[in-house]
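> structure, please.
(chains A and B)
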Amino acid sequence: GQNIDQPTEMTATEGAIVQINCTYQTSGFNGLFWYQQHAGEAPTFLSYNVLDGLEEKGRFSSFLSRSKGYSYLLLKELQMKDSASYLCAVKADSWGKLQFGAGTQVVVTP
Amino acid sequence: EAGVVQSPRYKIIEKKQPVAFWCNPISGHNTLYWYLQNLGQGPELLIRYENEEAVDDSQLPKDRFSAERLKGVDSTLKIQPAELGDSAVYLCASSPGMNTEAFFGQGTRLTVV
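Sure, this is the predicted structure:
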């Protein structure tokens, strides 16, 4: 079956760094996405990894290791507005269907 | 550029009643998705369209759910009759193609009482 695991919640202080891990076991792999979702809002796209390695985009970076079935999202210089749920999603087939994890709720404290 | 537009934002209905949700994707996006999201969970795919063709509806409970995308643009998702367990957020998303990120609408929060 399909399995995507990520921690339920993480708390960090403003200005700090937080790393959200995601492990996956899927029948296929055609890329991994990270989305941010504020409460009551739509998920918004953050990053996409299809090859191994690190993708950096401003304060956010995402890493992928296909052999380990592992990815992480790194949030640097945390701001209060970064408090949200972060969703890891795997595209398991070539048709674009996304399998989502349950999301990691990040709480940023002053 | 306008994003994915969904309506209504909120809907409260009694069980056994019908309900319909509407989605207008981003202009030019051929791929349209309907997802269901329960509280504290990630979105789960219900159905995916490529233009007007439903190419993946394996997760759609066809006894009570139906969807259509006439002319390959707007889409509607219908539940008839609604059950208490259908209370959730229904998200619509679109993408330019199969291998690009999906853009989500704000969703319709359905409460069945």
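
> any idea which helix or strand in chain A has the lowest mean pLDDT?
Ranking every helix and strand in chain A by mean pLDDT, DSSP states H and E puts strand A:98-100 at the bottom, with a mean of 90.

> run through who's touching that strand.
A:2, A:4, A:24, A:26, A:33, A:87-92, B:42-45, B:102 (Cβ atoms under 8 Å, 6 or more residues apart in numbering or on different chains). Where C-beta positions appear, they are placed from N, C-alpha and C, glycine not excepted.

> what's the answer for stretch A:9-22, then?
A:4-7, A:32, A:34, A:70-80, A:86, A:88, A:101, A:104-110.

> what's the burial count for the closest residue to chain B within chain A?
Residue of chain A nearest chain B, by Cβ to the nearest Cβ: A:F100 (3.0 Å). Using other Cβ atoms under 10 Å in any protein chain shown, A:F100 has 21 neighbouring residues.

> which strand residues bridge it?
Beta-bridge pairing for A:F100 (DSSP bridges): A:A89.

> in stretch B:30-48, what's buried?
The neighbour-count check on stretch B:30-48 (16 or more other Cβ atoms under 10 Å in any protein chain shown) flags B:30-37, B:41-43, B:45-48 as buried.

> element containing the residue in chain B that chain A sits nearest to, please.
Relative to chain A, the nearest point of chain B is B:G42 (3.0 Å; Cβ to the nearest Cβ). Using DSSP states H and E, B:G42 sits in no helix or strand.

> could you find the closest non-adjacent residue to it?
A:F100 (3.0 Å; Cβ to Cβ, 6 or more residues apart in numbering or on different chains).

> how much space separates A:L78 from A:E56?
16 Å (Cβ to Cβ, to the nearest Å).

> typo on my end, it should be B:H29
Distance, B:H29 to A:E56, using Cβ to Cβ: 27 Å.

> kindly report the same for A:Y86.
Distance from A:Y86 to A:E56, by Cβ to Cβ: 16 Å.

> over to B:C23?
33 Å.

> neighbour count winner among those two?
For the pair B:C23 and A:E56, the greater number of neighbours falls to B:C23 (26 against 12), based on other Cβ under 10 Å.

> mind telling me what element the more buried one is part of?
Applying DSSP H and E, one finds B:C23 within strand B:19-24.

> so what does that strand touch, helix or strand wise?
The contact analysis (3 or more Cβ pairs under 8 Å, 6 or more residues apart in numbering or on different chains; DSSP states H and E) places strand B:19-24 against strand B:5-7, strand B:10-13, strand B:75-79, strand B:88-95, strand B:108-112.

> can I get that strand in PDB, CA atoms only?
Only the C-alpha atoms of strand B:19-24 are listed here, as PDB (Å, rounded to 0.1, in the frame of the first residue of the first chain):
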ATOM      1  CA  VAL B  19     -25.500  19.200  -2.200                       C
ATOM      2  CA  ALA B  20     -23.400  20.500  -5.100                       C
ATOM      3  CA  PHE B  21     -20.000  22.200  -5.200                       C
ATOM      4  CA  TRP B  22     -18.700  24.300  -8.100                       C
ATOM      5  CA  CYS B  23     -15.100  24.900  -9.200                       C
ATOM      6  CA  ASN B  24     -13.600  27.200 -11.800                       C
END
